[in-house]
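In: sequence and predicted structure, then a few things I'm wondering about:
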Amino acid sequence: MIGIKKIDHIGIAVKDLAKAIEFYEGLLGLKVTGTEVVEEQRVKVAFLPTGDSEVELLESTTPDGPIARFIEKNGEGIQHIAFRVENLEQALEELKAKGVRLIDEKPRRGAGGARIAFLHPKSTFGTLVELCERDN
Ligand SMILES: C[C@@H](C(=O)O)C(=O)SCCNC(=O)CCNC(=O)[C@H](O)C(C)(C)COP(=O)(O)OP(=O)(O)OC[C@H]1O[C@@H](n2cnc3c(N)ncnc32)[C@H](O)[C@@H]1OP(=O)(O)O
Ligand SMILES: [Co+2]
């Protein structure tokens, strides 16, 4: 059992984080609870909680990172969905054994101290899926 607990966040690729925040805070009334650069993913992120899940706004820090590439190809918009799991290493092991294509074989460091790993969209019916585990 993979043990998905909930949708942790929805990742939205944007060109200009500050401008996107103006919309999500100023017009939708959400609140940014944190911003952070995650070097390994070449992104600057902002979190805006919505009940039990969050919106994760992502701006690329380089012209060739995953978010820059996504925007180049598709324009701005939803780039991934993240599910919270109980035990990430176990989930990855199980999915790999069942033939799912993993982008990350081992957990990486995500924003807010999370442990994260991505599943390839070719294995998930077209959506980039992130699995994440948090201590809290
Ligand atoms: C901070 C952290 C956190 O939450 O803590 C984050 O979220 S970091 C969030 C940013 N980090 C990541 O996304 C890391 C994982 N992502 C990756 O490794 C990459 O972006 C890939 C998903 C493997 C895509 O790589 P790349 O752009 O080089 O490949 P590509 O353009 O040739 O795409 C291969 C095929 O996958 C599709 N494809 C690419 N990106 C996709 C996406 N986001 N959603 C759905 N499909 C997607 C393409 O259309 C293409 O299909 P066709 O062949 O049919 O045209
Ligand atoms: Co994410």
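Out: Now that the structure is in, tell me what you want to look at. In this text, all values refer to a predicted model and were calculated from it rather than measured experimentally. Numbering: from 1, shown residues only. Ligands and ions are numbered 1, 2, ... in the order given.
In: number of residues surrounding the residue in the chain positioned nearest to ligand 1?
Out: Relative to ligand 1, the nearest point of the chain is residue 110 (2.6 Å; Cβ to the nearest ligand atom). Bear in mind the C-beta positions are built from the backbone N, C-alpha and C, glycine included. A count of nearby residues for residue 110, using other Cβ atoms under 10 Å, gives 24.
In: and the nearest residue to it once chain neighbours are set aside, bridged to which residues?
Out: The spatially closest residue to residue 110, leaving aside those adjacent along the chain, is residue 116, at 3.5 Å (Cβ to Cβ, 6 or more residues apart in numbering). Under DSSP bridges, the beta-bridge partners of residue 116 are residue 108, residue 132.
In: numbering from 14 from now on, please.
Out: New numbering, starting at 14: the last item is residue 129.
In: next up, the contacts around residue 129.
Out: By Cβ atoms under 8 Å, 6 or more residues apart in numbering, the contact set of residue 129 is 95, 101, 117, 120, 121, 122, 123, 143, 144, 145, 146.
In: and the residue of the chain closest to ligand 1, what's its pLDDT?
Out: Listed pLDDT for residue 123 reads 97.
In: surely it is in contact with residue 131?
Out: No. Applying Cβ atoms under 8 Å, one finds residue 123 not in contact with residue 131, separated by 10.0 Å.
In: do a quick rundown of the strands in the protein.
Out: Ranges of strands in the chain, per DSSP state E, are 17-26, 47-51, 56-63, 66-73, 90-98, 121-122, 128-132, 142-146.
In: what's the closest of those strands to residue 34?
Out: For residue 34, the closest of these is strand 56-63, at 5.9 Å, according to Cβ to Cβ.
In: the closest one vs strand 17-26, what angle?
Out: Interaxial angle, strand 56-63 versus strand 17-26 (axes from the mean of the first three to the mean of the last three Cα atoms, to 10 degrees): 130 degrees.
In: which positions in strand 56-63 come out as buried?
Out: In terms of neighbour count (16 or more other Cβ atoms under 10 Å), strand 56-63 has its buried residues at 56, 57, 58, 59, 60, 61.
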